[in-house]
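**Student:** pasting the sequence and the predicted coordinates here, then a few questions.
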Amino acid sequence: MEHLWALCSAVPTSTPARPTLVRAVKRAAKRRRIPAEALAERTVPRHGLGPDGALRMAPPGTGAEWINSWTDTLITLGADGRVTLTWLDAADGPVPTRTPFPLSRHYGKPGLADSITIARNVARRIEATADDETRRLTDPAMTTRSWPWGEWVRYYRDHPITGIVTRRLTWEYLLPGETAPAHSTQEPRRSGCPPCAYCRHPETSRAVPSVDACG
C-alpha cells in the first residue's frame, strides 16, 4: 500500500489516469480494512508542489518542475491557505495574482490560451485542496485521534498542502511511557513505543510545545 499512497499523492488530479488510480487505491484499502480517515489523509494530492509550497510551470529547458505549459508561471501556497499565481513572463515583469488569477494587461505572449488555462486550473485545484484539508483537520473528530510520530510527520507536517493547515493547529506530543490525554480514545502508551501526536483545536487547547520546538 505504501507505493500506492505515494503514487496517489504524487499524480496530479488533472492526469487522465488518476480516476483509475483512485479507484484502485480505494479497492485495495477496502480489502485491507483501512479506515476511511486513514485513506483520506494518505491520498491528499500534492499537485506538483515542492516542500516549499511552490510549483513553477514553464516550457522545456527552463528547469521547471512542470513542463506541460508554454507560459512561465510560479504557483505558491501561502500560510493563509491562499494561492498566488505569478505570471513570470509578463511584458512588464512578474505579476502576482490571486483568485481568479487575472492576466496582466501587458502579457507579452498572445495565442497561449491553453497554457494560461492549465496554469489557472492547477492554481484553483491547489486552493480547493487546501480548503478541503482545512475542513478535514478542523473537524472535531480529529481531536479523538492519535498518530505515530513518523506517520504524522509524513502525512501532516511535511505535506505541502496539509502542512499549511497543520501549522495553524495546536498539537500535543506523547512520549514513551506517558498517558494519553483525557480527550483521546487511545489507550495509555506503553514504555518503548515511539512518540505520537494528538490534535488539539484552539477552543480547547492549552499551552503545549509548538511543531518547530518538537522537531
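**Tutor:** It's in.
**Student:** what's the first-to-last distance across stretch 32-49?
**Tutor:** With CA to CA, to the nearest Å as the measure, stretch 32-49 spans 30 Å from end to end.
**Student:** list the buried residues in it.
**Tutor:** 38, 39, 41, 42, 43, 44, 45, 46, 47, 48, 49 (16 or more other CB atoms under 10 Å). The C-beta positions use only the backbone N, C-alpha and C, and glycine is treated the same way.
**Student:** now the lengthiest helix in the chain: average pLDDT?
**Tutor:** Criterion DSSP state H: the longest helix present in the chain is helix 113-137. For helix 113-137, mean pLDDT rounds to 93.
**Student:** give me the next element, helix or strand, following that helix.
**Tutor:** As assigned by DSSP states H and E, the chain's next helix or strand after helix 113-137 is strand 146-148.
**Student:** other SSEs contacting that following strand?
**Tutor:** Secondary-structure packing of strand 146-148 (3 or more CB pairs under 8 Å, 6 or more residues apart in numbering; DSSP states H and E): strand 196-200.
**Student:** low-confidence regions, the chain specifically.
**Tutor:** Applying pLDDT under 70 to the chain flags residues 65-68, 106, 108-110, 175-215.
**Student:** ok, 80 please
**Tutor:** The model of the chain has pLDDT under 80 over residues 1-17, 61-69, 92, 104-111, 143-144, 172-215.
**Student:** show me what contacts the spatially most central residue of it?
**Tutor:** Taking CA atoms, centre = their mean, the centroid of the chain lies closest to residue 161, which sits 2.2 Å from it. Residue 161 makes contacts with 44, 45, 46, 47, 49, 53, 77, 126, 129, 130, 133, as judged by CB atoms under 8 Å, 6 or more residues apart in numbering.
**Student:** didn't the fifth one look like it was pressed against residue 126?
**Tutor:** Yes: in this structure, residue 49 sits in contact with residue 126. The criterion is CB atoms under 8 Å, and the distance is 6.7 Å.
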